[in-house]
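Student: I need the structure of the sequence given here:
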Amino acid sequence: MSTPPPTPHTLAVRDLHAEVGGKEILKGVSLEFRSGELSAIMGPNGSGKTTLGYCIMGHPKYKVTSGKVLFDGQDILPLTVDKRARLGIYLGFQYPQEVSGLSMAKFLWTAYAQRHPGPDVDTADFDRAVQEGLSALSMDASFLKRSLNEGFSGGEKKRSEILQMATLRPVFPILDEPDSGLDIDAVKAVGETVAKVAKANPDMGIVVITHYQRILKYVPLDRVHVMVDGVVALSGGKELAVELESRGYDWVKPTTSA
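Tutor: As a prediction, this is how the structure comes out:
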C-alpha cells in the first residue's frame, strides 16, 4: 500500500498588532504559511521580523494588542509557549542562550519527549533523528556531551538550532536569522542543511527570517515576504530575494496591511 500524503497545515497571521515596552512594532501583519513550503521573511533592521517570530511563539515580552495567529484555524494566542510547541511551532533564536550543566543530548531528549508526550516515546526514532541531524550538519557525536551552547562558536550555535529542528521535526519551524554572524562557508553549510531537513520532511513549513539573500541561495524557497515599518509591504517568489539583494529595501514602501 502506498503511504498517504501528509495532512496539510496552515499557520495564518491575521492583522497582527504588537508592541514592546509600550512602542508599537507590528502594525497590522497578515501572512499565511503552509506545510510543505519554505518561506522567507526579509526586511531592514527594525521592520518587525523578529518581533513577528516572538509573537507567534508567545514570548511574554512581546504584547499582542490585536489580531490573531491561527494554527489550522485555531487561535493560538491564548496558548502558553509549551502548548504552541506541542502543536508543532518552533523558534530558532538569533542569539541562542547558553545553559551550563545541561547537555545537548539531555536537552534534545527532554524537548523531544515534550513534543511527543506519552508513555511510549519512540527512543529509536529519537536516536535516528539525532544521528541523521548530526550527519547532515557534519557534527561529531561528542557535541551531544557539551553543555547547551556553552562555549559554542557562532557557527556551532546555529548548527545547534538546526539540529534541534531536525530532531524535533516541528510543523512550522521559524529560524530567526540563521545566517547572522557566520562566515561564507558556515552560511553555505547551514543553508544546505536547512535544505536537507526540508527535503527529508516534506510536511514542514519552514520560515527563514533574514536580511540577506545569501543563505536563501541554498534553500528551495517558495515564497518571500518583505516587512517594512511593521507591515508586510511586498510578497513574491524566490526572484524577489535576488532583486532585494541588488536593489536594497529603499524602493519597498509600507502599506497598511498585507
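Student: can we go C-alpha only for contacts and neighbour counts from here?
Tutor: OK.
Student: Please, where are all the helices along the stretch 151-258 of the chain?
Tutor: Ranges of helices within the stretch 151-258 of the chain are 154-168, 184-200, 238-247, based on DSSP state H, counting those that start in this stretch.
Student: Please, which helix or strand holds the spatially closest residue to Leu16 that is not a sequence neighbour?
Tutor: Nearest non-adjacent residue to Leu16, counting by C-alpha to C-alpha, 6 or more residues apart in numbering: Gly67, 4.2 Å away. Using DSSP states H and E, Gly67 maps to strand 63-71.
Student: Go ahead and flag the most central residue of the protein.
Tutor: Ile174 (1.3 Å; C-alpha atoms, centre = their mean).
Student: Tell me where the stretch 51-200 of the chain has strands.
Tutor: With strands called from DSSP state E, counting those that start in this stretch, the stretch 51-200 of the chain shows them at 63-71, 74-75, 89-92, 99-103, 147-148, 172-176.
Student: could these go into a markdown table alongside mean pLDDT and distance to Ser35?
Tutor: Formatted as a markdown table, the strands of the stretch 51-200 of the chain follow (pLDDT from 0 to 100; distance: least, C-alpha to C-alpha, whole Å):
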| stretch | mean pLDDT | distance to Ser35 |
| --- | --- | --- |
| strand 63-71 | 97 | 11 |
| strand 74-75 | 96 | 16 |
| strand 89-92 | 94 | 11 |
| strand 99-103 | 91 | 31 |
| strand 147-148 | 90 | 29 |
| strand 172-176 | 96 | 7 |
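Student: Relative to Val194, which of the ones you listed is closest?
Tutor: strand 172-176 (9.7 Å; C-alpha to C-alpha).
Student: Identify the residues contacting the closest one?
Tutor: Strand 172-176 is contacted by residues 11, 35, 50, 53, 88-94, 165, 204-210 when judged by C-alpha atoms under 8 Å, 6 or more residues apart in numbering.
Student: strand partners of that strand, parallel vs antiparallel please.
Tutor: Take DSSP bridges as the rule and strand 172-176 pairs in its sheet with strand 89-92 (parallel), strand 206-209 (parallel).
Student: This completes my enquiry, with thanks.
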